[in-house]
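Visitor: The following block contains a protein sequence and its predicted model.
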Amino acid sequence: MNNTRAIRKQITILLIDPNAKTYYQSIVTSVRHCNVIIEKNKQKACEFFFRNAVDLVLLDHTPDDPCMNLLQVLRFVSPSVPIIIMTAYGSEDLAVTVFRNGASDYLKKPIHENELGESIQAVLGIKERSFNRTQTGIQKAVQFINVNYCMPIKLAHVAREAGMSVSCLERAFKKTLSVTYSMYLNKVRIARAIQMLEEGVKFSIGEIAFACGFSNQYHFARMFRKMTQVCPREFKKAVIENKPYI
């Protein structure tokens, strides 16, 4: 029984960095009961984030593999999850940009062991204070949505998966994530659409809409514009021309 409780209290840290092993041990030392998931590939890291409950993201930035697109997608879909940007190519402009896009902290490499530990503990402390007693139910609901967003899921179904009543889950979404259930579901779907467009998949806009769980292409286009300020076709064109779009 005690082992089960310990596992449930584990903090999951998603570490996205090709050179993660250089400071993996300092993370484990700094944070008790943590489970550090190392992903060198940002695409695979994004898939893991969608399908699992993550408490903290450590994201590397280099000029050849910039962090901004992934930072925006992760913040877009789960704004309550703190993200720390780490880079050996820091600048004042980069720091301002990542903070404006929702990063919780910004660290320059080489990172001192104490500095990293203090940063992790600080942002996790902020996160822990932002959740109430319904955290477990919300985590189950968020994880279920992130895995099944492409299906026609209903609020009642998600509530059953979370072990909560519909009204309780609705209140928890608004209090914990500051959005309604339907808005969160749409954000997850649009985030996946953004990811597909960035990957350059050979799908039409309609096919992307249906693959992301929208039954109506026009509703998809309206929601996409509402959340990104551009229509899907403009977004796709900006990706092809390598222009900023969010």
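Guide: Great, that's in hand.
Visitor: Tell me the spacing between the residue most central in space within the chain and residue 171.
Guide: Nearest to the geometric centre of the chain sits residue 74, at 2.9 Å (Cα atoms, centre = their mean). When Cβ to Cβ, to the nearest Å is the yardstick, residue 74 and residue 171 sit 25 Å from each other. Yep, even glycine has a C-beta here, placed from its N, CA and C like the rest.
Visitor: Check residue 138 too.
Guide: 11 Å.
Visitor: do residue 184 as well
Guide: 13 Å.
Visitor: Run through the helices of the protein in chain order.
Guide: 2-8, 24-30, 42-51, 68-77, 92-100, 113-130, 135-148, 155-162, 166-172, 181-199, 205-211, 217-228, 232-240 (DSSP state H).
Visitor: Can you tell me which of those is nearest to residue 15?
Guide: Judged by Cβ to Cβ, the one of the helices of the chain that comes nearest to residue 15 is helix 24-30, at 7.1 Å.
Visitor: tell me which residues in the closest one are buried?
Guide: Residues 26-27, 30 are the ones in helix 24-30 that count as buried (16 or more other Cβ atoms under 10 Å).
Visitor: Looking at the record's assignment, how would you partition this protein?
Guide: 2-130, 135-240 (automatic domain parsing).
Visitor: which of the ones you listed has the lowest average pLDDT?
Guide: Of all those, the minimum mean pLDDT falls on domain 2-130 (a mean of 81).
Visitor: just how off-centre is it within its chain?
Guide: 10 Å (Cα atoms, centre = their mean, to the nearest Å).
Visitor: Can we start the residue count at 24 from this point?
Guide: Renumbered: residue one is now 24, and that last one reads domain 25-153.
Visitor: quick revisit: any chance of the helices of the chain in CSV, plus distance to residue 106?
Guide: Listed next are those as CSV, based on distance: least, Cβ to Cβ, whole Å:
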stretch, distance to residue 106
helix 25-31, 23
helix 47-53, 15
helix 65-74, 10
helix 91-100, 6
helix 115-123, 8
helix 136-153, 8
helix 158-171, 16
helix 178-185, 24
helix 189-195, 23
helix 204-222, 14
helix 228-234, 25
helix 240-251, 19
helix 255-263, 22
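Visitor: and of those helices, who's closest to residue 37?
Guide: That would be helix 65-74 among the helices of the chain, by Cβ to Cβ, at 6.1 Å.
Visitor: what sits against residue 254?
Guide: Counting by Cβ atoms under 8 Å, 6 or more residues apart in numbering, residue 254 touches 244, 247-248.
Visitor: got the buried residues of helix 47-53 as a markdown table, with distance to residue 63 columns?
Guide: Listed next are these as a markdown table, based on distance: Cβ to Cβ, whole Å:
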| residue | distance to residue 63 |
| --- | --- |
| 49 | 18 |
| 50 | 16 |
| 53 | 21 |
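Visitor: so which of those comes closest to residue 232?
Guide: For those, the nearest to residue 232 is residue 50 (39.0 Å; Cβ to Cβ).
Visitor: Next, count neighbours for the nearest residue to that closest one once chain neighbours are set aside.
Guide: Leaving aside its chain neighbours, residue 50 sits nearest to residue 59 (5.5 Å; criterion: Cβ to Cβ, 6 or more residues apart in numbering). Other residues near residue 59 come to 17 when the count uses other Cβ atoms under 10 Å.
Visitor: Same check on residue 228?
Guide: Neighbours of residue 228 using other Cβ under 10 Å come to 17.
Visitor: Before I go, just wanted to say thanks for your time.
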